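Peer 1: Sequence below, structure please.
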Amino acid sequence: MTDPLRVVVVYPDLLGTYGDGGNGLILARRAEWRGRPVHLEQACSDEGTLVSRVAEGAVVLAVCAGFQIVGRTFPGADGTAHEGLGLLDVETVKGPGPRAVGEVVADIVGLPGLPRLTGFENHGGCSTVVDGSGPLGTVTAGVGNGDGSGLEGAVRGRVVGTYLHGPVLARNPALADLLLGWALGEETLEPLDDAGAEDLRAERLGAAKRRRRPFGRAS
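Peer 2: Here you go, the predicted structure:
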């Protein structure tokens, strides 16, 4: 009998804002719809456990504050720098201007073959991708990482970080299936009927195009 896929939403109370906890549910449901057994849990995790699990091959999706925490450094509420988990080569500081809030569209860079991403950002950080990791995408609408680079998110191995809420996997099922395929060890998954999700994508992409604003924040 196949062991269940374990999907863990880490620190759901702290990192589950703006619907982000739904990303775990999306992964679980898309596995179940394909007949795969799944165990979905909400849990806390110490730093060492998460780092060791990644070393063993675990797949990580880190959103917004989670994205900052899995980087090299992240700011506290007062702007003081704290050491991150180092799973992504990203350094984050507190932004000098207003929060980045609104719809984002990003063309994929770090994971070739995926369609453009749609999501909603709400953050005050400026994150810079440094040597060792690559960007997830390039912003065509919205702010993204906020360091003036025009980049969104970061990727290293099987760790993906992004500022996109939504939840991002509900709005981008192809990204969900990529992560799921990594976790299951399968390059190709059986197709699902994603007509509803694609309608939502078209609506959000259209809204972002009508309200398009260039990336920015840091100079």
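Peer 1: least trustworthy helix or strand in the protein by mean pLDDT?
Peer 2: Averaged element by element with mean pLDDT, DSSP states H and E, the chain has its least confident helix or strand at helix 12-15 (a mean of 84).
Peer 1: what's that helix in contact with?
Peer 2: With contacts defined as CB atoms under 8 Å, 6 or more residues apart in numbering, helix 12-15 is touched by 21, 42, 63-66. Quick note: C-beta positions are derived from backbone N, CA and C, even for glycine.
Peer 1: So which residues make contact with whichever helix or strand comes after that helix?
Peer 2: Per DSSP states H and E, helix 12-15 leads on to helix 22-32 as the next helix or strand towards the C-terminus. For helix 22-32, contacts defined as CB under 8 Å, 6+ apart pick out 5, 7-9, 38, 40, 42, 61, 63, 167-170, 173, 176-177, 179-180, 183-184, 192.
Peer 1: which of those residues are buried?
Peer 2: Buried members of these, scored by 16 or more other CB atoms under 10 Å, are 5, 7-9, 38, 40, 61, 63, 167-170, 173, 176-177, 179-180, 183-184.
Peer 1: Out of these, which sit inside helices?
Peer 2: The helices, defined by DSSP state H, take in 168-170, 173, 176-177, 179-180, 183-184 from the buried ones among the contacts of helix 22-32.
Peer 1: Around residue 92, how many other residues sit close by?
Peer 2: For residue 92, the tally of surrounding residues (other CB atoms under 10 Å) stands at 25.
Peer 1: List phi and psi for it.
Peer 2: Residue 92 has phi and psi values of phi -120, psi 130 when expressed as degrees, to the nearest 10.
Peer 1: And for residue 199?
Peer 2: Phi and psi for residue 199, reported as degrees, to the nearest 10, are phi -60, psi -40.
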